[in-house]
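S.K.: No sequence on hand, only this structure:
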């Protein structure tokens with residue numbers, strides 16, 4: 001059976017009704033006296049349950065700064081929500097949280113569409129030890145040539161994103177919080193096949209069933225990436241819409257390996273083992289605010305940047321634990337609780 005809640009998490013949920021009654025103000029954000037005169041800032045929920053929770057964090061910190069906010073639905077397709085940001089209008093979002101690596105992959109169609117200037121990988125990413133990193137280390141790339149996102153550091157990805165976004169749409173500061181794809185196994189499977197890295201799967205892949213998010217096999221880091229970098233072609237892929245369902249299938253032995261995001265609370269709760277990715281198949285993913293620049297005032301940008309500086313990966317794990325499992329709370333309530341607990 002999949003473990004869902006620790007005693008501490010249950011205690012936090014039990015206290016929410018009391019906590020949320022006093023959940024305004026603070027968080028070290030300076031209130032802008034002119035903010036109340038500005039129109040309502042709309043924050044899009046983004047592409048996933050996780051980005052929806054981040055959207056409510058943005059809304060809360062902006063209210064602390066004095067702004068009126070509204071969290072709204074947005075297209076689940078990244079190109080579509082970026083288009084709505086660019087178009088503007090009374091029903092368009094002004095800010096949408098997303099993950100940097102997947103956004104760059106989607107906007108460049110897996111790196112096939114090279115921006116006019118591609119960020120040069122940092123020395124640590126281009127030292128020849130990483131086959132994908134070394135492939136991206138061309139000093140002056142041809143603008144029309146494909147480029148290698150997988151070999152880029154998180155800072156390279158952040159620097160490149162504004163170059164592929166439409167004019168007028170840009171990014172604010174990325175958080176250090178990361179939630180990336182990872183291949184995960186239970187401890188029995190790890191011991192049986194002596195697994196610690198994806199490379200250890202090479203001789204066993206043909207016998208193993210991989211549980212993956214819907215659409216994973218077609219991604220650059222999916223079937224082709226695993227084959228090219230690790231010589232790994234699984235017995236079959238089982239595509240699943242929900243990360244929670246993926247964890248259920250792994251725990252029940254319905255799949256042998258699962259692609260579970262690194263900030264999923266199911267990993268520590270079930271003592272799953274994340275297989276290391278020495279050849280960088282999976283791209284870096286930092287939580288990044290995407291904004292329509294002209295419609296977000298400077299003090300609002302400052303508030304979001306301040307929040308981004310506080311959110312770490314452990315916070316994403318905690319928020320996931322609150323919003324998933326057998327007794328989930330809403331993304332809005334989870335965000336309100338986190339903001340109250342992280343004032344100052």
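M.R.: Arrived safely, thanks for sending. Everything quoted here is computed from the prediction, not taken from an experiment.

S.K.: CA only for contacts and neighbour counts going forward, please
M.R.: Will do.

S.K.: For residue 184, list the residues it contacts.
M.R.: Counting by CA atoms under 8 Å, 6 or more residues apart in numbering, residue 184 touches 257, 258, 259, 260, 272, 273, 274, 275.

S.K.: cool, and residue 265?
M.R.: Applying CA under 8 Å, 6+ apart, the residues contacting residue 265 are 317, 318, 320, 321.

S.K.: Could you pull out the strands in the stretch 101-250 of the chain for me?
M.R.: 169-171, 183-185, 209-213, 236-240 (DSSP state E, counting those that start in this stretch).

S.K.: what mean pLDDT would you report for the second one?
M.R.: It refers to strand 183-185. If you average the pLDDT over strand 183-185, you get 98.

S.K.: Name every sheet partner of that strand and say whether each one runs parallel or antiparallel.
M.R.: strand 257-259 (antiparallel), strand 273-274 (antiparallel) (DSSP bridges).

S.K.: Of these, which stretch is the most buried?
M.R.: Ranked by mean neighbour count under mean count of other CA atoms under 10 Å, the strands paired with strand 183-185 are led by strand 257-259, which reaches a mean of 26.

S.K.: who's in contact with that strand?
M.R.: 181-185, 208-213, 246-247, 250.

S.K.: Tell me the secondary structure of residue 42, please.
M.R.: strand (DSSP: H, G, I helix; E, B strand; the rest coil).

S.K.: Next one: it from residue 58, what distance?
M.R.: According to CA to CA, to the nearest Å, residue 42 and residue 58 sit 10 Å apart.

S.K.: quick one: low-confidence parts of the stretch 101-250 of the chain?
M.R.: Counting by pLDDT under 70, the stretch 101-250 of the chain shows low-confidence ranges at 116-145.

S.K.: Try it again at 50.
M.R.: Scanning the stretch 101-250 of the chain for pLDDT under 50 picks out the ranges 117-129, 131, 133-143.

S.K.: Go ahead and confirm residue 76 touches residue 49.
M.R.: No: between residue 76 and residue 49 no contact is recorded; they are 10.6 Å apart, counting by CA atoms under 8 Å.

S.K.: So for those two, which sits in the more crowded spot?
M.R.: Per other CA atoms under 10 Å, whichever of residue 76 and residue 49 has more neighbours is residue 49, with 16 against 12.

S.K.: how close does the residue lying closest to that one once chain neighbours are set aside get to residue 337?
M.R.: Nearest residue to residue 49 in three dimensions, chain neighbours excluded: residue 331, at 7.8 Å (CA to CA, 6 or more residues apart in numbering). Using CA to CA, residue 331 is found at 10 Å from residue 337.

S.K.: Show me the helices in the stretch 151-300 of the chain, by range?
M.R.: 154-164, 187-193, 223-230, 243-252, 266-270, 298-308 (DSSP state H, counting those that start in this stretch).

S.K.: that older thread, what's the burial count for the residue nearest to residue 49?
M.R.: Neighbourhood size, residue 331 [other CA under 10 Å]: 23.

S.K.: so what's it up against?
M.R.: 49, 52, 53, 56, 323.

S.K.: ok, which pair from these is furthest apart?
M.R.: Distances among the contacts of residue 331 were taken as CA to CA; the most separated pair is 56 and 323, at 12.6 Å.

S.K.: And those two? Which one has more around it.
M.R.: residue 56 (26 against 21).

S.K.: That one sits in which helix or strand?
M.R.: Assessed by DSSP states H and E, residue 56 sits inside helix 49-64.
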